[in-house]
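> return a 3D structure for these sequence lines:
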Amino acid sequence: MKSKRRWQALCFALLAAAPSVALAEDGEQCFLHRELPIERQLRRLSIDLRGTVPDVAEYDAVAGLSELPDALLDEYLASDAFRVQMRRYHESLLWTNPNIALADVNFSLNTVNYDGSPVYFVPGAGKSALYRGGDGTHTCQNKPQDALGYDPVTGLPKTESMGSDGVSEWFAEGWVEVHPFWEADPAKKVKVCAFDAQATETYTLPPGDPDAGTYSCDHLMATGKAKTCGCGPELSYCMPAGIVQPLVLAALREQVLRLVDEHTDGTQPYSGLLTTRRVHYNGPLAHYFRYHAQRQTLSRTQNEHQPSDGPLPELAFTDVDTWVAVDREAPHAGLITLPAFLLRFQTNRGRANRYRIAFLGQYFQPPSTKDTNCEKEGDDLTRRCVCRSCHVTLEPLAAHFGQFTEAGSMSLHDFAREYPTRKACAKGTAPQNAGWCDRYYVPVSDQTDPDLRTYRLKALQYADDEHPELEPNFEAGPAELVKADLESGRFHEVAIEHLFSYLMKREPNLDPTTSDYEGDALAKIAAAFRVHDDIRQAVRDLVELPAYRRLP
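The predicted structure is shown next:
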């Protein structure tokens, strides 16, 4: 047995030595840097640009050639498969695939089963108690509302006493049949509790109420006092989450990818990914932003449509495959202000950091030495020990995203920058709401009189004489951040580095002291890319490098 192992070891040693001898005889050229056979070059190009291996006919077409024809590269770059590859590439670069809850109990639609027939209702305890009394856990009874009727004065559904729970006596209405917005067939109807099915669009609070006036039923603030408000026409104000949410989330993802399509097919400048104000909506997105986004409770993501988002197209929810382009206004800037990006990175710091990685090729690293002459405690991270080494750079970048709410995608462009008191802040929305103030504003003590506090947008909390760059960056928005990086050329340089890594399956060698330094070649391609701004041409230039025809 030992003798057999010795022979095995000797064989392995001879095999290991053989390539070394061959390489030495071949001018010490590394085998890994030899050019690939034409068939393997074709296979590599096809997988990288189309995501699939070539077929037999394609192999036969290049057999015996010394290099791949230009026409073949043209065909691959113009193919729909390349468009799909560019989608995948940018998704891996940006991670824009949010997975969030878009509904809550105040406007979601659940079902209760009566004799095998589902009846929809809104499960929110506050609204249920307003409708029916009791502890807010009750729904309607299994009876058509036509059998009970409606109050001739208020128009509210009539109810019947159902007894008492641990809180008080409670009452229940019946159900009605309604055609829901998510059904394309106008003849199809569902059963809905009559209170929840109310189609009223506005409600009025009487004189003497602190919020006296007329308001819309399709808003979060309609939850507490509006007994006449239900789910609106065709239940448009409410959401069966299992039906609506998957379509909206898929559309948010597709919204990004359609922008990628427009700027990677050669018809629009690639840099437009970060500068365009165009956005695409389909039916589910238009319906969500018209009716549902403003109903989300303040403790969850805030995505309410704003004037700067541009007009919503008139599409039905069922227009899933119909997409309409809309132009937005400032502070929007390409895909980094699309909901999918803002919801995937829900803090301004996270947004700035991802932008820095994806488009500037820069990463934060903790200091290697002990941080001294700094504050061990405190909320200002530009001063706190260890934290400040990154945050002195990150905070000014994050300020560029300050005109968008954190934990949401809503533009704050038209919001007041500050209010003199909390009471005034609460009146910033109607009906007035202190929770709304706390969601977007933070108290800031006066520098000369700490007892005086104004309520300022959270992104401007530290905008003072000690942080002079924050407010200008806030007002400039993401567009000015992008503009600076385009003018410096860094955007195109980093894009070439990322594409090189994607195509070569390794990082480029940017060490000028080494013999295989690749920085000059990439700089030349990046300079040309900055001029033509066509990612297809940039890909062409990279795959024509000698390094692409060799083993990685």
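
> so H292 lies in a helix, does it not?
Yes: checked against DSSP: H, G, I helix; E, B strand; the rest coil, H292 lies within a helix.

> so what's the residue count around it?
Per other Cβ atoms under 10 Å, the neighbour tally for H292 reads 24. (Each C-beta comes from the backbone N, C-alpha and C, glycine too.)

> state the distance from it to V248.
Distance check for H292 against V248: by Cβ to Cβ, to the nearest Å, it reads 8 Å.

> could you do K143 as well?
Counting by Cβ to Cβ, the gap from K143 to V248 is 34 Å.

> mind checking which of these two has more residues around it?
Using other Cβ under 10 Å, the more surrounded residue of K143 and V248 is V248, with 24 against 15.

> contacting residues around the more buried one?
The contact partners of V248, by Cβ atoms under 8 Å, 6 or more residues apart in numbering, come to 102, 284-285, 288.

> next step: the residues you listed restricted to helices.
Using DSSP state H, the subset of the contacts of V248 located in helices is 284-285.

> and the contacts of V248, which is the shakiest by pLDDT?
By predicted confidence, the contacts of V248 are weakest at L102, whose pLDDT stands at 95.

> any idea which element the residue nearest the centre of the chain lies in?
Nearest to the mean C-alpha position of the chain, by Cα atoms, centre = their mean, lies A340 at 1.6 Å. Here A340, judged by DSSP states H and E, is contained in helix 339-344.

> show me what the following helix or strand past that helix is packed up against.
Where DSSP H and E defines the elements, the next helix or strand beyond helix 339-344 is helix 348-360. Counting contacts by 3 or more Cβ pairs under 8 Å, 6 or more residues apart in numbering; DSSP states H and E, helix 348-360 is packed against helix 80-94, helix 339-344, helix 388-399, helix 470-488, helix 490-504.

> where in this protein is pLDDT low?
1-33, 447-451, 552 (pLDDT under 70).

> can you give me the strands for it?
In the chain, the strands defined using DSSP state E lie at 110-114, 117-121, 160-164, 169-172, 175-178, 190-193, 202-205, 213-216, 278-281, 324-327, 418-419, 441-445, 453-457.

> if we go by neighbour counts, what in the second one is buried?
When burial is assessed from 16 or more other Cβ atoms under 10 Å, strand 117-121 yields the following buried residues: 119-121.

> CSV for those, including distance to L457?
Shown next, in CSV, are those (distance: Cβ to Cβ, whole Å):
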residue, distance to L457
V119, 44
Y120, 39
F121, 38
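
> mind checking how far V178 is from A526?
V178 is 58 Å from A526, by Cβ to Cβ.

> so what are the domain limits for this structure?
Per the record, the chain has its domains at 110-238, 243-481, 489-549, by automatic domain parsing.

> quick one: closest of these to D48.
Closest approach to D48 among the domains of the chain is made by domain 489-549 (5.6 Å; Cβ to Cβ).

> okay, how far is it across that closest one, tip to tip?
From its first residue to its last, domain 489-549 covers 28 Å (Cα to Cα, to the nearest Å).

> grab the nearest non-local neighbour of L252.
Sequence neighbours aside, A340 is the residue nearest to L252 in space, at 4.5 Å (criterion: Cβ to Cβ, 6 or more residues apart in numbering).

> if you could redo that for L102, that was the one I meant.
Closest to L102 by Cβ to Cβ, 6+ apart is Q245, at 5.0 Å.

> got it, and E35?
Of all residues not flanking E35 in the chain, R549 sits nearest, at 5.0 Å (Cβ to Cβ, 6+ apart).

> which residues touch that neighbour?
The contact partners of R549, by Cβ under 8 Å, 6+ apart, come to 35-36, 41.

> filter these down to the buried ones, PyMOL style.
Filtering the contacts of R549 down to the buried ones (16+ other Cβ under 10 Å) takes a single PyMOL command:
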select buried, resi 41
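
> out of the contacts of R549, which is nearest to K376?
Minimum distance to K376 across the contacts of R549 is 57.1 Å, recorded for L36 (Cβ to Cβ).

> closest one of the buried residues of strand 117-121 to G361?
Y120 (50.7 Å).

> from L109, how far out is that closest one?
Taking Cβ to Cβ as the measure, Y120 and L109 are separated by 5 Å.

> any common contacting residues for the two?
196, 235, 240.

> what is the end-to-end distance of stretch 228-247?
30 Å.

> just the residues contacting that stretch, thanks.
Identification of contacts with stretch 228-247 by Cβ under 8 Å, 6+ apart yields 101-103, 107-109, 120, 122, 154-156, 178-182, 192, 195-201, 203, 217-218, 222, 284, 287-288, 291-292, 295, 317, 320.

> picking up where we left off before, which of the contacts of V248 sits closest to D465?
Closest approach to D465 among those (Cβ to Cβ): L102, at 41.3 Å.

> list phi and psi for that closest one.
Dihedral pair for L102: phi -100, psi -10, per degrees, to the nearest 10.

> how about the contacts made by it?
Taking Cβ under 8 Å, 6+ apart, we find L102 in contact with 239, 241, 244-245, 248-249, 288, 292, 296, 301.

> narrow those to those in helices?
241, 244-245, 248-249.

> can you pick the most crowded of those residues?
Using other Cβ under 10 Å as the neighbour test, the ones in helices among the contacts of L102 are led by V248, with 24 neighbours.
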